[in-house]
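Peer 1: quick one, structure for this:
(chains A and B)
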2 protein chains.
Amino acid sequence: MTKRILLALLLLGANMAASLAQPFSKTVVSPNKSIQATLILNEKGEASYKIRFQGKDVIGQSRLGLRLRGYDLTTGLKRISDSKSSEKNSWKPVWGEVDEIKNEYKTITLKLVSAEGLRFDIVFRVYDDGVGFRYEFPKKDKTSEIVVLDELTEFQMTADYTALWAPSDWDSNEHTYTKSKISEIDATKHLTDIEPFVQHITNVHAVQTPVTLQGQSGFCMSIADAALVDYGAMHLEFDRTTRTFKSFIIPTADSTVKSINKLPFHTPWRAILLSPDAGGLLTNHLILNLNEPCKIKGDLSWIKPQKYVGIWWELHVGKSGWNYLDKDGKPTGKHGATTENVKHYIDFAAQNGFAGVLVEGWFEGWEDWFNVMRPEIFEFTKPYPDYDISEISRYAKEKGVKIIVHNETGSAIRSYERQMDAAYDYYLKYGFNAIKTGYVGFIQPKGEWHDGQEMINHYNEVLRRTAEKHIMVVAHEPVRPSGLQRTWPNFMASEAARGQEFNAWSKGNDPSHELSLIFTRLLGGPMDYTPGIFQMELNQFDKAKKDRVRTTVAKQLALYVTLYSPVQMAADLPENYEKRSDVFQFIRDVPTDWSDTKILNAAIGDYVTTARRQKNSDNWFIGSMTDETPRQFKAKLDFLDAGKNYEATIYEDGKDAHYLDNPYPVNIRKLNVRKGQTLAINLADGGGCAISIKAVK
Amino acid sequence: MTKRILLALLLLGANMAASLAQPFSKTVVSPNKSIQATLILNEKGEASYKIRFQGKDVIGQSRLGLRLRGYDLTTGLKRISDSKSSEKNSWKPVWGEVDEIKNEYKTITLKLVSAEGLRFDIVFRVYDDGVGFRYEFPKKDKTSEIVVLDELTEFQMTADYTALWAPSDWDSNEHTYTKSKISEIDATKHLTDIEPFVQHITNVHAVQTPVTLQGQSGFCMSIADAALVDYGAMHLEFDRTTRTFKSFIIPTADSTVKSINKLPFHTPWRAILLSPDAGGLLTNHLILNLNEPCKIKGDLSWIKPQKYVGIWWELHVGKSGWNYLDKDGKPTGKHGATTENVKHYIDFAAQNGFAGVLVEGWFEGWEDWFNVMRPEIFEFTKPYPDYDISEISRYAKEKGVKIIVHNETGSAIRSYERQMDAAYDYYLKYGFNAIKTGYVGFIQPKGEWHDGQEMINHYNEVLRRTAEKHIMVVAHEPVRPSGLQRTWPNFMASEAARGQEFNAWSKGNDPSHELSLIFTRLLGGPMDYTPGIFQMELNQFDKAKKDRVRTTVAKQLALYVTLYSPVQMAADLPENYEKRSDVFQFIRDVPTDWSDTKILNAAIGDYVTTARRQKNSDNWFIGSMTDETPRQFKAKLDFLDAGKNYEATIYEDGKDAHYLDNPYPVNIRKLNVRKGQTLAINLADGGGCAISIKAVK
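Peer 2: Sure, this is the predicted structure:
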């Protein structure tokens, strides 16, 4: 009886599908009419789409589809039905660049069935600032799980746009960026950006996402993952013949398999951010809107945006070391994470109003961890003998500061997962509720990739588990972010790009590097870039270090505003700050949570001037920075409240400042300002400017 | 300065090595002189060994060595030094077949250096009941970790021995056994023993370990792993040309890598068990002696040998099901693990003096778990709605019984490891301190193997973590045991072979199967075989079940003595026991912990008669069983205490009993017996006999 009803339903389904198998095309228009997305199913049952922005086709007709084990979703598809709907509301992020975000879009859902009988939907959401689409698989029907062999989503470029891109690397995000025509994408020169054993590039004509594109008219577009959960990261292979970006999902350890998923399931959103100009891209909320609302229930007051200092830069410049023992098993005498040194940083943090002290190299395993093959490396609950965790806990509490606990895994993630619960409980016992994870090196044992499904699931598992225990997370070397901070606001920031650290032991970062980051990597979420270097020569503790940090001091200040993050390190050594207490005042003053953000000017990879309003305050802060080229701007203060008096303190590149050989001059001046006034901003070669504008009571 | 001293030492080492690079051969003789092991290094620097037993070469000259990444340890080896020593003592297992074990051996250590300069030792231990040897790598010298590409240990057979073997399967131990000449080993017919998706056989001329061999003279030898830790399991490939077993270590997900290890490191012991006859193999303690002493500190009273019943066989015979919901998401109405049903088993356990009740299918995930690909399947702390864990905990406590918690993982071990700590705490909260783990299906995501290093480390991690929390473990579908119960006495038993369950849904187990198990698989450790089936037709709840259990009832009783385990299930349904309460009395009486064991007779794979003395008691129990052939024995009771009176209760195959069509007749008779008397034991075709001998006060 049950079987007979089932059969009848199946036959009915097949008939419906057959009768509707005709060419189909429908367009959805964004609320303000600027964007149109058209969804197409041709007579062969092949799905595609195109995007129009400001009256021009910006993405030409582009293929949609997946190949699953046992199911071909690229052809022979039959339409069951289609439907449109819309949503309009707003939401308040727990922390962020603005205090409220509008969420308004039109949607179309195309219900399809494959030739083999598998049901799935293609869903498009069209916002005023971009388009999101994804593939959705309803609860089990013919099968209870799917094996994704390939996602064949394409993005056909209607012109030879200028692209700002980093190479497609399965295992690292720490490459430099290049600006070129899309037809000239070639990552050959990036193959030596980083150590060969932490990278895996298989196609030099492919890029990571977000990739940012700019047309002749100045309009900007970024293609990105949003809500990357239970799936490999999307990279894009560029096909010069058809001028098309083709999605490439980083595979599992089985290179023929991209993802294995239980039904119901949906892919991450494929997000296409659109803006009339470069500045608009920096206040685009499409990726956040495509993510799920906050999943942490109850009190969220334990999540605290903050500034921090720590035992970190001194490790990179060779003042001290992570490891307690040398190769002969004797104490090195140079260990950084000692009780005494941590107390010194706690004192400095307390004196300057910083909430956190990061400590690296405090637990056992640092003697032999780098580029090893074995799956067990670190002991996350075994402090070195010169790290008295009880005493540090007591002292930190007395000073009102908390330790940020470093959890480098060496990418031995199974070992970390085994220790995770016990380790988190151990840290909480001492009152430490923030961790910095790390995933240096290849995944152990070798097989999985930093950007593959298994690791994506690991990063997300860490967020879920720490959320349960009320622990904040900063992740280093994970996949680049895709807006998950909306869902897990304990996910404060990640590195997931080439950070300040590269200035300490490589050819370093070019002056345009941070300007590339904000237009690409930072679109997905905050970055723990660790700004604030004041001492540019690096040979103080290690004579072999010939390179220097290529920046001006004023630009380092500007980064606290231009590179958004709810956690910001003051990365340099306390003694270097104590020498420049006048300049350091800006870092003392600058907040890490904002109620509003204005981009005063911007050019992709070249310059930016950003103004942000401090949360629950009338104060504003401005950061401006440039690449190698010196620039002069006029910043109109029309965002200030009318009728209020403000005192502006300007920290600008001083006379003859230059990122290569004269980084130190900072001219500090104070002005009384009001709404509508204009401030002159002068940026040296590779320089910057930071301004605090405090309301006068 | 440090560097200069190091250089001097290196030069000195090199000189020593060069000066000693001459052919070398040294023999170690066991304490009672029955066994000789000779260790050889030839002029090419190739290491080998041979073994003599009772005046005959039983293993001819056989290669030793490893290939590591960067280091060839098969040739060009140079001897640094060699040394001999000996040890003599005894130890008491926490539970076992005897209450004290003698540990006496001679040892030789050959210190070597490879052509590339890597230091390592070959260590042989020669006992009166066999030889153990392994490769040892001292603390880091040239490198801090090693990558094992191949272990090239060989075992050259000096005659065409008869072997009792199971095929080499990377993923399963659930095959049948075959007795054949070693020259005729061919696993082709075993390829269909079990479902294709849970097996992986790559060489039909290879066998798993332990493999048991018998010579013309009747002497017996088994080759096995002892103390399998942080390394793949050893299988043996048979080379017919040289009549040599060659070790094959199951690889990691990277098929070119067998193992990755941090130094210091040693391989598991390669154990060669030797006995003049088949019975001696069953009281051989070589494997236990080669394992490390108990690592659990403090009170061990929570480790309790025990009998148990449970919701298990009723699931296999189709009376009820593991899953709560059907395919349409509605309750099946046939769910086994309901509060009411569990209480029924608790009552039955309490009435009959059993300590445990196993419950399978109590948590979420059983609707869709079998042969799936995804890495997340089960929720180990989410009971089904009809399983009231608080009420069950309360009721079990009231009745003095404990739940044995089932933890089937579906081999999604990362998911299990993530949930492990929280799950164990959850069970302990309800007073449950025993788990049964399960590893059905291929490892997920695919890549690793049940017998490979990653999984070995998983099984051992479970033992370590449960030991910390005072939880007992029974493991199903892990690697076969290698004596680790000495080190982790909370490791009560494992399946790791074809168990009783195969009688419920396959062509079943032949009458010789349990007789194969005791001479092979059980040499490494106890088996949770789950004896005690009283109802041999299986079509009571599922008419499709045509096969029957091929045994007699009396043989099912005998298994409680012949198949040693500190945990023994009474596997059949309570109603089947209630119908035969007279016969069930033996299962009520038989203990699970022993102070002494005597093998009264034995032939490999054919028959055995085992007598065991109950721990802390004067009572003895005898089990005798045969393959298809009926047999008659005289059991001489010379192991009883002199001067004591005993009452023997004999449960023997009744008139015309036969394993194929007349399993039920059991003749129960009582006799008064004393030391030195003889009991007649009559075994039907595929039958058995069980005897309890209780001291009369």
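
Peer 1: what does chain A put close to chain B?
Peer 2: Contact residues, chain A versus chain B (C-beta under 8 Å from any C-beta of the partner chain): A:140, A:144-145, A:147, A:252-254, A:257, A:260-262, A:328, A:368, A:372-376, A:414, A:417-418, A:420-422, A:445-447, A:454, A:457, A:461, A:465. C-betas here are computed from N, CA, C, even on glycine.

Peer 1: need the buried ones from those residues selected in PyMOL.
Peer 2: Buried members of the residues of chain A next to chain B can be picked out in PyMOL with the line below, counting by 16 or more other C-beta atoms under 10 Å in any protein chain shown:
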select buried, chain A and resi 140+145+147+252+253+257+260+261+262+368+372+373+374+375+376+414+417+418+420+421+445+446+447+454+457+461+465
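
Peer 1: now intersect the residues of chain A next to chain B with the helices, please.
Peer 2: A:414, A:417-418, A:420-422, A:454, A:457, A:461, A:465 (DSSP state H).

Peer 1: and stretch A:122-137, average pLDDT?
Peer 2: In this model, stretch A:122-137 has an average pLDDT of 98.

Peer 1: equivalent analysis for stretch A:337-344, please.
Peer 2: Stretch A:337-344 comes out at a mean pLDDT of 98.

Peer 1: what are the buried residues along that stretch?
Peer 2: So, applying 16+ other C-beta under 10 Å, buried residues of stretch A:337-344: A:337-339, A:341-343.

Peer 1: and those residues as a markdown table, adding secondary structure and distance to A:Gly279?
Peer 2: What follows is these, written out as a markdown table (DSSP: H, G, I helix; E, B strand; the rest coil; distance: C-beta to C-beta, whole Å):
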| residue | secondary structure | distance to A:Gly279 |
| --- | --- | --- |
| A:Ala337 | coil | 42 |
| A:Thr338 | coil | 47 |
| A:Thr339 | helix | 48 |
| A:Asn341 | helix | 43 |
| A:Val342 | helix | 42 |
| A:Lys343 | helix | 45 |
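
Peer 1: now the residue nearest to A:Glu501 when sequence neighbours are not counted: how far from A:Asp542?
Peer 2: Setting aside the residues directly before and after it, A:Glu501 is nearest to A:His316 in space (C-beta to C-beta, 6 or more residues apart in numbering or on different chains), at 5.7 Å. Using C-beta to C-beta, to the nearest Å, A:His316 is found at 10 Å from A:Asp542.

Peer 1: which stretches of chain A have low pLDDT?
Peer 2: A:1-21, A:140-142 (pLDDT under 70).

Peer 1: can you show me the helices along it?
Peer 2: Counting by DSSP H, the helices of chain A are A:2-19, A:278-281, A:286-290, A:313-316, A:339-352, A:389-399, A:413-429, A:453-469, A:502-505, A:513-519, A:553-562, A:574-579, A:581-589.

Peer 1: report all helices and strands that the fourth one contacts.
Peer 2: I take that to be helix A:313-316. Contacts defined by 3 or more C-beta pairs under 8 Å, 6 or more residues apart in numbering or on different chains; DSSP states H and E place helix A:313-316 against helix A:502-505.

Peer 1: distance from the chain centre to the helix it packs on, please.
Peer 2: The chain centre lies 20 Å from the centre of helix A:502-505; the measure is C-alpha atoms, centre = their mean, to the nearest Å.

Peer 1: list the helices and strands it packs on?
Peer 2: Using 3+ C-beta pairs under 8 Å, 6+ apart: helix A:502-505 touches helix A:313-316.

Peer 1: need the residues that contact the helix it packs on.
Peer 2: A:320-322, A:336, A:360-361, A:501, A:504-505, A:530, A:533, A:541, A:571-573 (C-beta atoms under 8 Å, 6 or more residues apart in numbering or on different chains).

Peer 1: buried subset of those?
Peer 2: A:320-322, A:336, A:360-361, A:501, A:504, A:530, A:533, A:571-573.

Peer 1: ok, those residues vs A:Asn289, which is closest?
Peer 2: Checking these against A:Asn289 by C-beta to C-beta gives A:Thr530 as the nearest, at 28.8 Å.

Peer 1: about what we covered before: mind putting the helices of chain A into a markdown table with distance to B:Trp170?
Peer 2: Shown next, in a markdown table, are the helices of chain A (distance: least, C-beta to C-beta, whole Å):
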| stretch | distance to B:Trp170 |
| --- | --- |
| helix A:2-19 | 39 |
| helix A:278-281 | 52 |
| helix A:286-290 | 43 |
| helix A:313-316 | 43 |
| helix A:339-352 | 49 |
| helix A:389-399 | 44 |
| helix A:413-429 | 20 |
| helix A:453-469 | 21 |
| helix A:502-505 | 43 |
| helix A:513-519 | 46 |
| helix A:553-562 | 53 |
| helix A:574-579 | 56 |
| helix A:581-589 | 58 |
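
Peer 1: among those, which is the most enclosed?
Peer 2: helix A:553-562 (a mean of 29; mean count of other C-beta atoms under 10 Å in any protein chain shown).

Peer 1: so which elements touch it?
Peer 2: helix A:513-519, helix A:581-589, strand A:607-614, strand A:620-626, strand A:646-653, strand A:666-673, strand A:688-695.

Peer 1: roughly how far does A:Asn291 sit from A:Phe491?
Peer 2: For A:Asn291, the distance to A:Phe491 - C-beta to C-beta - is 11 Å.

Peer 1: ok, the two, which is more surrounded?
Peer 2: A:Phe491 (26 against 22; other C-beta atoms under 10 Å in any protein chain shown).

Peer 1: between which two of the ones in helices among the residues of chain A next to chain B is the distance greatest?
Peer 2: Longest span within those, C-beta to C-beta: A:Ala422 and A:Glu454, 22.2 Å.

Peer 1: what's the nearest residue to A:Glu237 if we skip its chain neighbours?
Peer 2: Using C-beta to C-beta, 6+ apart, the closest residue to A:Glu237 is A:Ala206 (4.3 Å).

Peer 1: apologies, that question was intended for A:Leu118.
Peer 2: A:Tyr71 (4.5 Å).

Peer 1: so how many other residues sit close to that neighbour?
Peer 2: 21.

Peer 1: ok, what's across the strand from it?
Peer 2: A:Leu68 (DSSP bridges).

Peer 1: dump the residue contacts of it.
Peer 2: Applying C-beta under 8 Å, 6+ apart, the residues contacting A:Tyr71 are A:114, A:116, A:118, A:146.

Peer 1: of these, which is the most crowded?
Peer 2: Going by other C-beta under 10 Å, A:Ile146 tops the contacts of A:Tyr71 with 25 neighbours.

Peer 1: that residue reaches A:Arg67, doesn't it?
Peer 2: No: assessed by C-beta atoms under 8 Å, A:Ile146 is found out of contact with A:Arg67, at 10.7 Å.

Peer 1: circling back to that earlier point, from the ones in helices among the residues of chain A next to chain B, pick the one nearest chain B.
Peer 2: Checking those against chain B by C-beta to the nearest C-beta gives A:Asp421 as the nearest, at 4.1 Å.
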